[in-house]
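any chance you can model this:
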Amino acid sequence: MKTQVTTKTAHEMFTKAAFIQWMGIELQEIENGVCRASMKIRPDMLQHDGFVHAGILTTLADHCCGGSVGSLLKPREHVLTAEFKSSFLRAATSPEVFCKAVCLKRGKSAAFTEAKVYSGKEMTDDQLLSTLSSTLVIRVIS
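Residues are numbered from 1 along each chain as shown. This is a model prediction of the structure:
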């Protein structure tokens, strides 16, 4: 499925979001319903036992899901998360994490996505840290 918007619009979902910038999320790829990003882990992102906080992994996955849909938006359309479910498969201790999100279904007013967060850039099954399934709302802004 070819996009009808420039990738500049989708990129702005990352460059204009102050919280995402604060987290240090780096966009790697965003096109045709796929979004990949990475993030270096800082000490202030760890929870009390020294593992990456679940909220950090969830934010990375959620924003990548938004990016995957964002790459499919038409002019004047915007996307917002309606709900998500996150599952954590192992504790994250790596110095950097990597995410890939895919838009599985883009409808007129909603989209369904899935994201996976990994401890290594190879994104292999043995590096899988968490998954996130998300429903996003597509709004037209006049």
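
after the longest helix along the chain, which helix or strand is next?
Longest helix in the chain by number of residues (criterion: DSSP state H): helix 54-70. Next in sequence after helix 54-70, counting helices and strands by DSSP states H and E, comes strand 77-88.

sheet partners, orientation included, of that following strand?
Strand pairing for strand 77-88, determined by DSSP bridges: strand 128-140 (antiparallel).

show me what counts as buried in the strand it pairs with.
Neighbour counts over strand 128-140 (16 or more other C-beta atoms under 10 Å) mark 129-130, 132-134, 136, 138 as buried. For the C-beta atoms, the positions are set from N, CA and C on the backbone; glycine is no exception.

just put these in TSV and tack on pLDDT.
Below are the buried residues of strand 128-140 laid out as TSV (pLDDT from 0 to 100):
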residue	pLDDT
L129	98
S130	98
L132	98
S133	98
S134	98
L136	98
I138	96
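
T58: which of these is nearest?
Of all the buried residues of strand 128-140, T58 sits closest to L132, with 6.6 Å by C-beta to C-beta.

so the closest one bridges to which residues?
Counting by DSSP bridges, L132 forms beta bridges with S86, A115.

so it sits against S68, correct?
No - in this structure, L132 is not within contact of S68 by C-beta atoms under 8 Å, at 11.3 Å.

mutual contacts of the two, please.
Any residue near both L132 and S68 by C-beta atoms under 8 Å, 6 or more residues apart in numbering counts here, and that gives 101, 115.

low-scoring stretches of this structure, by residue?
For the chain, applying pLDDT under 70 flags the ranges 1-8.

how about a cut-off of 80?
Confidence mapping of the chain against pLDDT under 80 gives the ranges 1-9.

make a markdown table out of the buried residues of strand 128-140 and add distance to V97.
A markdown table is the format used below for the buried residues of strand 128-140 (distance: C-beta to C-beta, whole Å):
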| residue | distance to V97 |
| --- | --- |
| L129 | 7 |
| S130 | 9 |
| L132 | 13 |
| S133 | 18 |
| S134 | 18 |
| L136 | 21 |
| I138 | 27 |
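
can you dump the C-alpha atoms of the longest helix of the chain in CSV for me?
Taking C-alpha atoms only, helix 54-70 is exported to CSV below (Å, rounded to 0.1, in the frame of the first residue of the first chain):
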residue,chain,number,x,y,z
ALA,A,54,7.9,-0.6,31.6
GLY,A,55,6.6,2.9,30.8
ILE,A,56,9.8,3.6,28.8
LEU,A,57,9.4,0.5,26.7
THR,A,58,5.6,1.1,26.3
THR,A,59,6.1,4.8,25.2
LEU,A,60,8.7,3.7,22.5
ALA,A,61,6.3,1.0,21.2
ASP,A,62,3.2,3.3,21.3
HIS,A,63,4.9,6.1,19.5
CYS,A,64,6.2,3.7,16.8
CYS,A,65,2.7,2.4,16.4
GLY,A,66,1.5,5.9,15.8
GLY,A,67,4.4,6.4,13.3
SER,A,68,3.4,3.3,11.4
VAL,A,69,-0.1,4.7,10.9
GLY,A,70,1.2,8.2,10.4
